[in-house]
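Colleague: sequence and predicted structure are below.
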Amino acid sequence: MITKNQRSIVIFSIPLVLLCIPMLAMQFSKEVNWSLLDFVVAGFILFPTAFIIKIILERFKTTKRKLILIGITLVILVLVWIELAVGIFGSPFAGS
């Protein structure tokens with residue numbers, strides 16, 4: 001059985017691991033070129049998402065409701081990430 005504290009550690013370590021991937025890739029390839037601002041923006045997106053998932057897991061009782069809300073949260077995360085990367089919606093804050 002996993003405790004709430006252990007679950008929080010796992011939830012908040014996932015963004016750290018995800019941010020380490022481009023950092024390591026920058027060491028081995030010139031194709032990946034993230035600036036400090038890129039890491040800050042990614043952290044600003046990933047950590048609040050982890051916090052929202054933590055709240056969903058704590059507040060809702062049924063597994064079905066948890067999965068639906070976490071799924072919606074992750075879809076929003078992916079859409080924002082894609083918009084910042086390539087600008088699929090053409091918003092003013094798009095990366096292209």
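Modeller: Thanks, I have it. Here the structure is a predicted model, which is why all the values come from computation and not from measurement.

Colleague: ok, which stretches of this protein are helices?
Modeller: Here the chain has its helices, by DSSP state H, at 4-28, 36-59, 63-86.

Colleague: list the buried residues for the first one?
Modeller: The one in question is helix 4-28. Neighbour counts using 16 or more other C-beta atoms under 10 Å place 11, 15, 19 of helix 4-28 among the buried residues. In short, each C-beta sits where N, CA and C put it, glycine included.

Colleague: wait, which of those residues is closest to Thr3?
Modeller: Ile11 (12.5 Å; C-beta to C-beta).

Colleague: reformat the helices of the chain as JSON lines; add distance to Ala94 and mean pLDDT.
Modeller: Listed next are the helices of the chain as JSON lines, based on distance: least, C-beta to C-beta, whole Å; pLDDT from 0 to 100:
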{"stretch": "helix 4-28", "distance to Ala94": "19", "mean pLDDT": "95"}
{"stretch": "helix 36-59", "distance to Ala94": "13", "mean pLDDT": "96"}
{"stretch": "helix 63-86", "distance to Ala94": "6", "mean pLDDT": "94"}
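
Colleague: identify the residue spatially nearest to the residue positioned nearest the centre of the chain, adjacent ones excluded.
Modeller: Nearest to the centroid of the C-alpha atoms of the chain, with distances taken as C-alpha atoms, centre = their mean, sits Leu46, at 3.0 Å. Closest residue to Leu46 apart from its sequence neighbours, by C-beta to C-beta, 6 or more residues apart in numbering: Pro15 at 3.6 Å.
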